[in-house]
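J.: let me see the structure of the following:
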Amino acid sequence: MNPSKSLILFLFLQCMSYGLQAQESVVPFTVDSIYDFNKPKTLGLPFAKGLETATIFSPTEHQNKYNHGVVLFPFKGSLYAQWQSSAVDEDGDDTQVFYSKSSNGMDWESPKPLTQKWKDGIKTSGGWWSDGDTLVAYICVWPEKETAPKEGYTEYMTSTDGIHWSLPQRVMNSQGTPVMGIIEQDVHQLPNGRLLTAFHMQPGLVVKPYYTDDPLGISGWTAGVMENMPTKNQYMSRELEPSWFYRTDGAIVMIFRDQDSSFKKLAAVSHDNGVTWTTPIIVDTPDSRAKQSAGNLPNGTAFMVNNPSGKKDRFPLVLTLSKDGLHFDKALLLRSGASDLQPMRFEGKYKRPGYSYPKSVVWGDFLYVSYATNKEDVELTRIRIDNLKN
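T.: Here you go, the predicted model:
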C-alpha cells in the first residue's frame, strides 16, 4: 500500500476509535446521591405534595387475583387504563387484557375485556396511543411454543368511542410487513411529532429502539441503529423494557432495565431523533431490575419513575426529576413500603409485595402514574404538576 494512503487509513481508524470511545464514555445523565438506603421503606425521601391515589380495580375472592402491566392514556375527555389479568398466576393460560375508563381520573368503571382467552397462547397489555380521533390499543401476542425461546409479536385494535373495537391487526414496519417483536408500553411523542418506543425482537426478546412518523402509530415503524451490550443469553438482550425522555440539549435518552442484575439503570442516547443510538451503558442510579417509566412534563422537566431500592424490592415508588434531563437532583415518594403498602391478599406465581411496573402520562393538570400493587390491585397515584415545579 502507498505510504501516504497507509497514513491516511491509520489516522482515519484512530479517529474512528477515538470517536467510538468518546461516544461510549459520555454519561447520558447523572443523579445526585439523594437516596438513603438505611431507610429501605422510604429511602429517606419526602412524599410529593398533594398526592392522590385511586384504585382502578381490586379483586375479590371470586375475581381475577393476578393483575399487572397497568398503562394509562387520555382520549376524548376520559382516562383509560389497560392491564393484563388472570385468575391466579402470572402469564397463566387464562390471561386476558382488560380496560377501564374514568372521566375524572379517580372514579373508574367496571373492567371490560379487550381480548378473550386464547387456546394457542396468551395476550398481554401493550399500552395505548391516539392521534386524537382514534384510540389505539396495542396487544402483545405470545404464541405457545414448546422448543423455541420466549418471543411474540404485536397487534393493535382501534376505537373512535372507547367502546366499539376493530378486529386485531398486525403492527407494521416501514417496509409494510409486520414488526416481529413485542412492543414496549411507553409510546411517546417528540416535540416534532415523531413517535418513539422499543420492540423486543425475535428470535427471543432482543430490545431495539423504534420510531415512526405515522401519527396513529400503527405503521411505518423503523428500527433505530443501536448495538446492544454483551450478554450470555443469545435470546434475551441485557437491556429490556425501556422508557425515555428528552433533554434540553435536544438529545433523547432511553433508559432500560438491566437483566444482568446490576440493579442500576442502563441508558443510551440519540442525537438524531431516534435514528441512531449510543451503545447502552450503566448509569449510577439505583433500580430494582423491573419495568420503569420516564417522560417530560409540559415545561420540559424530565422525570423517571421506578423502585430505586438497589435490590429486588419493588418499593418504594419514587419520582426523580431534572430540569434539563442531564442532572437529576430531586426525588419524591409516591408510595412507600410502610403503612401505605397494603398487604398481599392472594398468593400466586411471581407475585410479590410492592408497586410493580409503573407507567406514566400527563393529563390535564396532573402527572398520573399507574402500577400494580402486589401484582393484584390496579392503582394509580397522581400529582398536580404545579406541585412539582422547582
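
J.: neighbours of the residue lying closest to residue 57 once chain neighbours are set aside, how many?
T.: Leaving aside its chain neighbours, residue 57 sits nearest to residue 378 (4.2 Å; criterion: CB to CB, 6 or more residues apart in numbering). C-betas here are computed from N, CA, C, even on glycine. Neighbourhood size, residue 378 [other CB atoms under 10 Å]: 27.

J.: from memory residue 378 sits against residue 58, does it?
T.: Yes. With contacts counted by CB atoms under 8 Å, residue 378 reaches residue 58, the gap being 7.4 Å.

J.: mind listing what the residue nearest to residue 57 touches?
T.: 55-58, 67, 70, 81, 83, 100, 370, 372 (CB atoms under 8 Å, 6 or more residues apart in numbering).

J.: let's see 7 Å
T.: Counting by CB atoms under 7 Å, 6 or more residues apart in numbering, residue 378 touches 56-57, 67, 70, 81, 83, 372.

J.: secondary structure element for it?
T.: Assessed by DSSP states H and E, residue 378 sits inside strand 377-384.

J.: how about the contacts of residue 378 in a markdown table, adding neighbour count, secondary structure and pLDDT?
T.: Converted to a markdown table, those look like this (neighbours: other CB atoms under 10 Å; DSSP: H, G, I helix; E, B strand; the rest coil; pLDDT from 0 to 100):
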| residue | neighbour count | secondary structure | pLDDT |
| --- | --- | --- | --- |
| 56 | 27 | strand | 98 |
| 57 | 22 | strand | 98 |
| 67 | 27 | strand | 98 |
| 70 | 26 | strand | 98 |
| 81 | 28 | strand | 98 |
| 83 | 28 | strand | 98 |
| 372 | 26 | strand | 98 |
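
J.: ok, the residues you listed vs residue 312, which is closest?
T.: residue 372 (15.8 Å; CB to CB).

J.: measure the closest one to residue 75 for me?
T.: 22 Å (CB to CB, to the nearest Å).

J.: is it fair to say residue 386 lies in a helix?
T.: Yes. Per DSSP: H, G, I helix; E, B strand; the rest coil, residue 386 lies within a helix segment.

J.: what number of residues lie near it?
T.: Residue 386: 10 neighbours (other CB under 10 Å).

J.: next one, pLDDT for it please.
T.: Per-residue confidence (pLDDT) for residue 386: 96.

J.: go on, residue 176?
T.: 98.

J.: now residue 158
T.: 98.

J.: check what contacts stretch 191-204 and list those residues.
T.: For stretch 191-204, the surrounding residues in contact (CB under 7 Å, 6+ apart) are 149-151, 179-184, 186-190, 206-213, 215, 217, 235-236, 242, 244, 252, 273-274.

J.: are any of those residues buried, and which?
T.: 151, 179, 181-184, 186-188, 190, 206-212, 215, 217, 236, 242, 244, 252, 273-274 (16 or more other CB atoms under 10 Å).

J.: nearest residue to residue 145 other than its sequence neighbours?
T.: That would be residue 151: by CB to CB, 6+ apart, it lies 7.8 Å from residue 145.

J.: which ones are touching that neighbour?
T.: Counted by CB under 7 Å, 6+ apart, residue 151 has contacts 202-205.

J.: returning to that earlier point: the strand holding residue 378 pairs with which strands?
T.: strand 52-57 (antiparallel), strand 366-373 (antiparallel) (DSSP bridges).

J.: alpha carbons only: can I get the first one in CSV?
T.: Coordinates of the C-alpha atoms in strand 52-57 are reproduced here as CSV (Å, rounded to 0.1, in the frame of the first residue of the first chain):
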residue,chain,number,x,y,z
GLU,A,52,-53.9,11.4,45.5
THR,A,53,-54.2,7.6,45.0
ALA,A,54,-57.1,5.8,43.4
THR,A,55,-57.9,2.1,42.9
ILE,A,56,-59.0,1.2,39.4
PHE,A,57,-59.7,-2.5,40.2
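
J.: contacting residues around that strand?
T.: 67, 81, 100, 106, 108, 111, 377-382.

J.: residue 296 pairs with what?
T.: residue 302.

J.: distance check, it against residue 41.
T.: 29 Å.

J.: cool, and residue 34?
T.: From residue 34 to residue 41 the distance is 16 Å (CB to CB).

J.: next one: residue 388
T.: Distance from residue 388 to residue 41, by CB to CB: 23 Å.

J.: more neighbours: those two, which one.
T.: Neighbour count, other CB under 10 Å: between residue 388 and residue 41, residue 388 has more, with 20 against 16.

J.: residue 35 reaches residue 284, doesn't it?
T.: No. If you go by CB atoms under 7 Å, residue 35 and residue 284 don't touch, sitting 11.4 Å apart.

J.: so where's the stretch 251-390 of the chain shaky on pLDDT?
T.: 390 (pLDDT under 70).
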